[in-house]
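In: with the sequence up front, the predicted model follows.
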Amino acid sequence: KAGVTQTPRYLIKTRGQQVTLSCSPISGHRSVSWYQQTPGQGLQFLFEYFSETQRNKGNFPGRFSGRQFSNSRSEMNVSTLELGDSALYLCASSSGRSEAFFGQGTRLTVV
Amino acid sequence: DAKTTQPTSMDCAEGRAANLPCNHSTISGNEYVYWYRQIHSQGPQYIIHGLKNNETNEMASLIITEDRKSSTLILPHATLRDTAVYYCIVRVATEGNQFYFGTGTSLTVIP
């Protein structure tokens, strides 16, 4: 069974631009969550999607948004990028009520 | 918010058992204890979880005290590949695919 796939693995963007990251969950998993990891703040929960609906949301500004498609694939978008958005962005998929499985992440650098 | 307290760092000799403690004194009756680990710049890897009984799988054992206020993750025969940051998380299993990570314990396995 394939694991969680995130694309791209690395990305460099300029301040003010927007970016879209993609996550393909494990087959059969309907829940996808997104996390941001920075050296200063650690691993922080962004939001969760389940059956194309946002189910939970962390404490991030509205510049961070996401969506989920009918095949459970999810995208995360960050608009008007700031230098502080440089981070490792991780997604995790889950079958519902138990453990979550993480992808390898997308390393975003904002210059 | 993270509801757990873990030592910042620990060392373990290769081949010996690594015992990683976690305090969760405010844990609720319906909250599970989960353990994840993260090897540098990779996505977190699920290790094990439990409610009140001790659990064992191919990776590790989880020992939860009778009052559930603390737990210990045991890696029975640590190898160099077990060097990672280990996160102890408490959560309600039904609250969706969201995990609140603390700062974790940085385990270094020494040859």
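Out: Perfect, I can see it now.
In: going by C-alpha atoms from here, please, whenever you check contacts or count neighbours.
Out: OK.
In: render the CA-only coordinates of stretch B:14-28 in PDB, please.
Out: The C-alpha coordinates for stretch B:14-28 follow below in PDB (Å, rounded to 0.1, in the frame of the first residue of the first chain):
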ATOM      1  CA  GLU B  14      23.200   1.100  21.200                       C
ATOM      2  CA  GLY B  15      21.700  -2.300  21.900                       C
ATOM      3  CA  ARG B  16      20.300  -1.200  25.200                       C
ATOM      4  CA  ALA B  17      16.700  -0.500  26.000                       C
ATOM      5  CA  ALA B  18      15.600   3.200  25.600                       C
ATOM      6  CA  ASN B  19      13.000   4.200  28.100                       C
ATOM      7  CA  LEU B  20      11.300   7.500  27.200                       C
ATOM      8  CA  PRO B  21       9.100   9.000  29.900                       C
ATOM      9  CA  CYS B  22       6.000  11.200  29.500                       C
ATOM     10  CA  ASN B  23       3.900  13.000  32.100                       C
ATOM     11  CA  HIS B  24       0.300  13.700  31.300                       C
ATOM     12  CA  SER B  25      -1.200  14.400  34.700                       C
ATOM     13  CA  THR B  26      -4.400  16.100  33.300                       C
ATOM     14  CA  ILE B  27      -5.300  13.300  31.000                       C
ATOM     15  CA  SER B  28      -9.000  12.600  30.700                       C
END
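In: check which residues of that stretch are buried.
Out: Burial within stretch B:14-28, assessed by neighbour count using 16 or more other Cα atoms under 10 Å in any protein chain shown, is assigned to B:14, B:18, B:19, B:20, B:21, B:22, B:23, B:24, B:27.
In: check contacts around the residue lying closest to the third one once chain neighbours are set aside.
Out: If you skip the residues right next to it in sequence, residue B:19 has residue B:74 as its closest partner in space, 4.7 Å away by Cα to Cα, 6 or more residues apart in numbering or on different chains. Applying Cα atoms under 8 Å, 6 or more residues apart in numbering or on different chains to residue B:74 gives the contacts B:17, B:18, B:19, B:20, B:60, B:61, B:62, B:63.
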